[in-house]
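3D, please:
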Amino acid sequence: MKAITALYEAQKIVFSPFIFQAVYSMLELGIMDVLNDSKEGLDFDEISVQTNVSKYGVTVLVEMAETAQIVEEVTPGKFTLSKIGYFILRDEMTQVNLKFTQDVCYQGLFFLKDSITEVAPKGLKVFGEWKTIYEGLSELPVEVKKSWFDFDHYYSDNSFSDALAIIFKNNPKLIYDIGGNTGKWAIASTKFDSNVQVKIFDLPGQLKVAKSNIEKIEEIKNRVSYHEIDLLNPSSVIPEGADVYWMSQFLDCFSESEIESILLKIKANAKKDSTIFIMETFLDDQKFPAAKLSLAATSLYFTAMANGNSRMYSSSTLKYIIEKAGLVCVNEHNLHLDSFHTILEVKLF
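Numbers count the residues shown, from 1 in each chain. Just a heads-up that it's a prediction; the model follows:
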């Protein structure tokens, strides 16, 4: 890289909050929509008229976006969206990530350095005085909560169809859904197999949300039960009985030592022929740079906002923790056609 290019890239980094907020404002004000609709380009006056935003406001936003290659000047004084801008406007992953960054993370990331030094989510105080975001999830502002769940579901829902075929290959009768969140997996699996029973293990707030979603579905509600548990409490116990232990995007919410303790809780009472399925988005198992970048950024969300000590892991790290807990990874299922996920199949022997 030439020095002049490196200097430009350095400025993009140091002014990146300005670029981000310019893009967010342009989306909210409809400027990106009208630029996308005009292939010949619009000048500042035309954008102002079509969006009812002052010419001054249009000018400062578009000029910032043009320097970051989000819009392009097609003829002197006339602008349209670049390919980068198009993806910001229309790509689902980019939209989900943008709203998650703005609503959930942006203010709290100011306290990232404190979170690193104190090993605690110091940015979470912008929303409330909780030890982790999971304790206060049900109490977050409506828009923040929506962006959090949209982000969480985007990176899990598109993997469920493939995951169901893997989990049900041996016809489990009882699944323990550990970290059941809003109940989406319990709903998907009970609809997939009319005989399976699912027990959801989670904190009280999450169980309340899951139960409210599941109780609306008459044909499955009697096959789902709920177990309130704080897995970080040393005295908490995961009881025996399950054919399958299912953890989807759950273990990344814990530190390495906490993951080991959870696996040991499962191991303590699991049947010898039980199977543990762990579905995660691994840093070292992504096909595209954009996916890896998203995961690395998500680690900083965990640092500043979620709990201060977890992250998105590599598959090699999680396999090491599995071995350390005295368990064996017997298979690895890569769901790469329409997903970012990998499922680790784990046994007790």
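
going forward, measure contacts between C-alpha atoms and count neighbours the same way
Will do.

Format the CA atom coordinates belonging to the longest helix seen in the chain as PDB.
Assignment by DSSP state H gives helix 142-157 as the longest helix of the chain. What follows is helix 142-157, C-alpha atoms only, in PDB (Å, rounded to 0.1, in the frame of the first residue of the first chain):
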ATOM      1  CA  VAL A 142     -38.400  -1.100  22.600                       C
ATOM      2  CA  GLU A 143     -36.300   0.000  19.600                       C
ATOM      3  CA  VAL A 144     -33.100  -1.300  21.300                       C
ATOM      4  CA  LYS A 145     -34.700  -4.600  22.100                       C
ATOM      5  CA  LYS A 146     -36.000  -5.000  18.600                       C
ATOM      6  CA  SER A 147     -32.500  -4.300  17.100                       C
ATOM      7  CA  TRP A 148     -31.000  -6.800  19.600                       C
ATOM      8  CA  PHE A 149     -33.400  -9.600  18.700                       C
ATOM      9  CA  ASP A 150     -33.300  -8.800  14.900                       C
ATOM     10  CA  PHE A 151     -29.500  -9.200  15.100                       C
ATOM     11  CA  ASP A 152     -29.600 -12.400  17.200                       C
ATOM     12  CA  HIS A 153     -32.300 -14.000  15.000                       C
ATOM     13  CA  TYR A 154     -30.700 -13.000  11.700                       C
ATOM     14  CA  TYR A 155     -27.600 -15.000  12.600                       C
ATOM     15  CA  SER A 156     -29.500 -18.100  13.700                       C
ATOM     16  CA  ASP A 157     -32.900 -18.400  11.900                       C
END
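
list the helices and strands it packs on?
Counting contacts by 3 or more Cα pairs under 8 Å, 6 or more residues apart in numbering; DSSP states H and E, helix 142-157 packs against helix 92-99.

can you pull the buried residues of the longest helix of the chain?
By 16 or more other Cα atoms under 10 Å, the buried positions in helix 142-157 come out as 144-148, 151, 153, 155-156.

for stretch 172-191, same thing?
Buried residues in stretch 172-191, counted by 16+ other Cα under 10 Å: 172-187, 189-190.

so of the residues you listed, which ones are in strands?
Judged by DSSP state E, strands contain the following of these: 174-178.

any chance of these in TSV, plus pLDDT and distance to Ala270?
TSV is the format used below for those (pLDDT from 0 to 100; distance: Cα to Cα, whole Å):
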residue	pLDDT	distance to Ala270
Leu174	98	12
Ile175	98	12
Tyr176	98	11
Asp177	98	14
Ile178	98	13
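
follow-up on the earlier one: pipe the buried residues of helix 142-157 into CSV and attach pLDDT and distance to Leu344 per row.
What follows is the buried residues of helix 142-157, written out as CSV (pLDDT from 0 to 100; distance: Cα to Cα, whole Å):
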residue, pLDDT, distance to Leu344
Val144, 97, 31
Lys145, 94, 29
Lys146, 96, 29
Ser147, 97, 28
Trp148, 95, 25
Phe151, 93, 22
His153, 86, 20
Tyr155, 82, 17
Ser156, 78, 15
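
Might one say that Pro172 is in contact with Asp243?
Yes - judged on Cα atoms under 8 Å, Pro172 makes contact with Asp243 at a distance of 5.5 Å.

Contact partners for Lys99?
With Cα atoms under 8 Å, 6 or more residues apart in numbering as the criterion, the residues that contact Lys99 are Ser147.

Surely Met64 is in a helix?
Yes - secondary structure of Met64 (DSSP: H, G, I helix; E, B strand; the rest coil): part of a helix.

Can you lay out the ones in strands among the buried residues of stretch 172-191 as CSV showing distance to Leu263?
Formatted as CSV, those follow (distance: Cα to Cα, whole Å):
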residue, distance to Leu263
Leu174, 18
Ile175, 16
Tyr176, 13
Asp177, 14
Ile178, 11
